[in-house]
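A.B. asks: give me coordinates for this.
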Amino acid sequence: MASNAMRIVIALLTLVTIGMLFGALLQLAFIRNMEDSYGTALPSLRTFGSQNSGDNHLPSVVSSWENDKEAAILRIGYVKPEIVSWSPRIILFHNFLSSAECDYLRAIAKPRLHVSTVVDAKTGKGVKSNVRTSSGMFLNHEERKHPMIHAIEKRIATYSQIPAENGELIQVLRYEPNQFYRPHHDYFSDTFNLKRGGQRVATMLMYLTDNVEGGETFFPKAVSGECSCGGKMVKGLCVKPNKGDAVLFWSMGLDGESDPDSIHGGCEVLSGEKWSATKWMRQKATS
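C.D. replies: A predicted model of the protein is given here:
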């Protein structure tokens with residue numbers, strides 16, 4: 001009797017063990033399927049690059065945008081807005097561009113760089129000046145249709161809430177050591193430039209490189225204490241150039257008038273190369 005009871009116990013234990021193993025295998029298969037389905041969401045969201053510091057730590061919200069091309073274009077889950085000033089109005093967008101987009105813009109611009117100019121208040125034309133010592137170029141209308149540029153343009157329009165057709169062509173700039181841009185306003189003080197699209201409303205300034213010492217974007221009228229501008233302590237707000245980040249600021253106030261507090265400048269670069277891309281946006285369509 002005892003031996004029969006022992007056999008029954010062993011048989012039951014064997015069945016329980018097999019059941020536990022089978023259940024564990026099913027659970028592992030379920031987890032693997034979940035991982036695989038989560039992974040399929042990543043290629044669309046990584047289409048525009050995944051080298052930014054924030055791209056390797058995906059927030060849970062990313063999985064909810066699986067196979068959503070619109071989310072990929074807008075970098076939903078990657079772009080992190082930070083309000084840095086209410087007067088003047090300034091928003092810093094972390095991870096606004098992917099590393100691939102930054103490299104793409106620099107590659108397009110590099111062969112076509114020329115000495116930067118400033119707008120002459122009397123004629124509205126670009127003239128050379130020691131106020132601005134960088135080199136730069138403008139993308140053309142055909143390049144604006146390229147998929148990656150189109151995605152950037154759409155992202156700018158969405159986050160700024162200004163229609164894409166109100167935007168000027170993107171300008172790419174390079175600042176080498178000892179180069180800078182003295183404080184200035186982006187809005188026009190001449191009537192010549194107002195004929196095409198009206199006044200400039202806002203600016204999206206995108207940073208395309210890391211490892212730059214100096215080269216901060218400086219807002220002297222922003223109330224923020226002191227900050228380092230090209231190695232010198234100054235009063236105001238300074239935004240450090242980090243690859244993929246973008247600064248959105250408004251040249252026009254909520255009253256519809258040009259905001260003199262939007263004055264800003266590019267601090268002197270001490271080492272490395274500062275590359276940036278600028279998008280100016282107008283009151284009306286520019287073409």
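A.B. asks: what about the helices in the stretch 51-200 of the chain?
C.D. replies: Assigned by DSSP state H, counting those that start in this stretch, the helices in the stretch 51-200 of the chain fall at 69-74, 99-109, 147-160.
A.B. asks: which one, of those, ends up nearest to S228?
C.D. replies: Comparison of the helices of the stretch 51-200 of the chain against S228 by C-beta to C-beta identifies helix 99-109 as nearest, at 23.4 Å. Any C-beta I mention is one placed from the backbone N, CA and C, and that applies to glycine too.
A.B. asks: for the closest one, buried residues please.
C.D. replies: For helix 99-109, burial by neighbour count (16 or more other C-beta atoms under 10 Å) applies to 99-106, 108-109.
A.B. asks: now distance to Y207 and mean pLDDT too, for the helices of the stretch 51-200 of the chain, in JSON lines please.
C.D. replies: Output for those, formatted as JSON lines (distance: least, C-beta to C-beta, whole Å; pLDDT from 0 to 100):
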{"stretch": "helix 69-74", "distance to Y207": "19", "mean pLDDT": "93"}
{"stretch": "helix 99-109", "distance to Y207": "8", "mean pLDDT": "97"}
{"stretch": "helix 147-160", "distance to Y207": "13", "mean pLDDT": "97"}
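A.B. asks: rebuild those helices as JSON lines, extending it with distance to K240.
C.D. replies: Conversion of the helices of the stretch 51-200 of the chain to JSON lines gives the following (distance: least, C-beta to C-beta, whole Å):
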{"stretch": "helix 69-74", "distance to K240": "24"}
{"stretch": "helix 99-109", "distance to K240": "16"}
{"stretch": "helix 147-160", "distance to K240": "20"}
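A.B. asks: before we move on, back to that, want to try a markdown table for the buried residues of helix 99-109, with distance to E273 as columns?
C.D. replies: Below are the buried residues of helix 99-109 laid out as a markdown table (distance: C-beta to C-beta, whole Å):
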| residue | distance to E273 |
| --- | --- |
| S99 | 16 |
| A100 | 19 |
| E101 | 18 |
| C102 | 12 |
| D103 | 13 |
| Y104 | 17 |
| L105 | 14 |
| R106 | 9 |
| I108 | 16 |
| A109 | 12 |
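A.B. asks: nearest to E143, of these?
C.D. replies: I108 (6.7 Å).
A.B. asks: how close does the closest one get to L205?
C.D. replies: 18 Å (C-beta to C-beta, to the nearest Å).
A.B. asks: how about T158?
C.D. replies: Counting by C-beta to C-beta - T158 and L205 are separated by 17 Å.
A.B. asks: look at these two and report which has more neighbours.
C.D. replies: Using other C-beta atoms under 10 Å as the criterion, T158 and L205 rank with L205 on top: 21 against 14.
A.B. asks: sec struct for that one, please.
C.D. replies: strand (DSSP: H, G, I helix; E, B strand; the rest coil).
A.B. asks: for the closest residue to it other than its chain neighbours, grab the count of nearby residues.
C.D. replies: Closest residue to L205 apart from its sequence neighbours, by C-beta to C-beta, 6 or more residues apart in numbering: V247 at 4.6 Å. The number of residues packed near V247 is 22, by other C-beta under 10 Å.
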